[in-house]
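In: Quick one, structure for this:
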Amino acid sequence: MSEPTPVPPRAEAVINLIALEHNVRSITQLVAPAELMLAVKANAYAHGLVPVAAAGLSAGAASLAVLEIPAGLALRAAGVTAPLLAWLHGTETDFRAGIEADIELGVSAVWQLEAIAASGANRPAVVHLKVDTGLSRNGATVEDWPELVRTALEGERAGLLRIRAAWSHLADASVADDEVALAAFQAAVAVAEGLGARFELLHLAASSAGIRMPEARFGLVRIGIAAYGISPFEDRTGAELGLIPVMSLRAPVIETRVGGSRLARVAAGYADGVPTLGIERASVLVNGVRCPVASVEVDSLLVDAGDARVDVGDVAIVFGAGDEGEPTAEEWADWAETIGDEIVTGVTPRVPRVYLR
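Out: Just a heads-up that it's a prediction; the model follows:
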């Protein structure tokens, strides 16, 4: 006799690290011989920084993108020794702490290079120079790029830093747009090399281009949302790409009422990250039955179970992998007219994460 499914006391997010490892392993094989850098920004897309980083590295990721230096420091404190890249910096960023923790730095502006040079770190910084190729998510403009490169070369000659890479982000609006951005990136690299820069590494592609544009992979591909089982494309699901969703959001039924049909209250609401947009099309799975969502409140949501038998203590799956018939985060994204990234990162910190290995 099988063990009954444990009933969570309130909403909980189940993080399937086996699924994450499958996704990382599959994409690593796809992009080879380029290396895979796993993006663990935003607390690993709200899946949990340290557990996801450890699982991703064990599955073949060569390095991690942490976005901000404090996240990199947290990984170092947890014992992670793999290469880390941080690139979102403010005027109060502690560059010295990052450099001395061997965190490589994405650099978009001369002021960042000046702050790195003045940081007093006891070792040279390792920098990735970023050019904006159209996304406008930081990066030096084409006009400012030569000055950024020249300033970095001066810092390298002074022994304050080492230039390791040139990189950029793609807008991923369309293949045609990405091809234009790829050409702009290659032109920027040529300008930098003409000024004397020598790059060990070039990286441009993230999940979308990493999957569909082999010519954009260079030596490294930064994989974000695809590693978490969510498609970066509008016309293909994660399942169609062979990916497995990593996060499931589930919660208990805490109240039932019988009127014209059976209404059930589920202990997950918008304070837990359940979207309020598109609920007229939304549903959750209870006892194998898709139940339409009637309303979403701060701490709970109400579903119409119709004639289905639903009791207090039954487990509702708000979203998951879809293999039991439950909605996926991608379906919720369609209902809310957003992207799957927003659905999973929207699951709030008050929701406990439970890890399956």
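In: could you say what helices and strands the lengthiest strand in the chain packs with?
Out: Longest strand in the chain, counting residues (DSSP state E): strand 247-258. When contacts are defined as 3 or more C-beta pairs under 8 Å, 6 or more residues apart in numbering; DSSP states H and E, strand 247-258 packs onto strand 12-16, strand 262-266, strand 315-319. No exception for glycine: its C-beta is placed from N, CA and C like everyone else's.
In: Can I get the first one as PDB, trimmed to CA atoms?
Out: Read it as strand 12-16. Taking Å, rounded to 0.1, in the frame of the first residue of the first chain, the C-alpha atoms of strand 12-16 are listed here in PDB:
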ATOM      1  CA  GLU A  12       4.400  25.200  -0.100                       C
ATOM      2  CA  ALA A  13       6.600  25.100  -3.200                       C
ATOM      3  CA  VAL A  14       8.100  21.700  -4.000                       C
ATOM      4  CA  ILE A  15      11.400  22.100  -5.800                       C
ATOM      5  CA  ASN A  16      12.300  19.000  -7.800                       C
END
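In: ok, and what's touching that strand?
Out: Contacts of strand 12-16 with the rest of the structure, by C-beta atoms under 8 Å, 6 or more residues apart in numbering, involve 46-48, 51-52, 244-251, 320-321, 347, 351-356.
In: Grab the nearest non-local neighbour of residue 265.
Out: Nearest residue to residue 265, sequence neighbours excluded (C-beta to C-beta, 6 or more residues apart in numbering): residue 255, at 4.0 Å.
In: between the longest strand of the chain and strand 262-266, how big is the angle?
Out: If you take axes from the mean of the first three to the mean of the last three C-alpha atoms, to 10 degrees, strand 247-258 sits at 140 degrees to strand 262-266.
In: Just the buried residues of strand 247-258, please?
Out: Neighbour counts over strand 247-258 (16 or more other C-beta atoms under 10 Å) mark 247, 248, 249, 250, 251, 252, 253, 254 as buried.
In: do stretch 137-151 as well
Out: Within stretch 137-151, the residues that qualify as buried are 138, 139, 140, 145, 148, 149, 151, counting by 16+ other C-beta under 10 Å.
In: So which residues of the stretch 1-150 of the chain form strands?
Out: Along the stretch 1-150 of the chain, counting by DSSP state E, counting those that start in this stretch, strands occupy 12-16, 35-39, 63-67, 84-86, 103-107, 125-130.
In: CA-only coordinates of the longest strand of the chain, as CSV, when you get a sec.
Out: This file holds the C-alpha atoms of strand 247-258, laid out as CSV (Å, rounded to 0.1, in the frame of the first residue of the first chain):
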residue,chain,number,x,y,z
MET,A,247,8.7,24.1,-9.1
SER,A,248,5.2,22.9,-8.0
LEU,A,249,2.9,25.0,-5.9
ARG,A,250,0.5,23.1,-3.7
ALA,A,251,-1.8,23.9,-0.8
PRO,A,252,-4.5,22.2,1.3
VAL,A,253,-8.2,22.6,1.0
ILE,A,254,-9.2,24.3,4.3
GLU,A,255,-13.0,24.8,3.8
THR,A,256,-15.8,23.4,1.7
ARG,A,257,-19.3,24.6,1.1
VAL,A,258,-22.2,22.9,-0.8
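In: what inclination does it have with respect to strand 315-319?
Out: On the basis of the same axes, to 10 degrees, strand 247-258 is oriented at 130 degrees to strand 315-319.
In: Quick check: can you name the pairing partners of strand 247-258 and their directions?
Out: Strand 247-258 has the following sheet partners, assigned by DSSP bridges: strand 12-16 (antiparallel), strand 262-266 (antiparallel), strand 315-319 (antiparallel).
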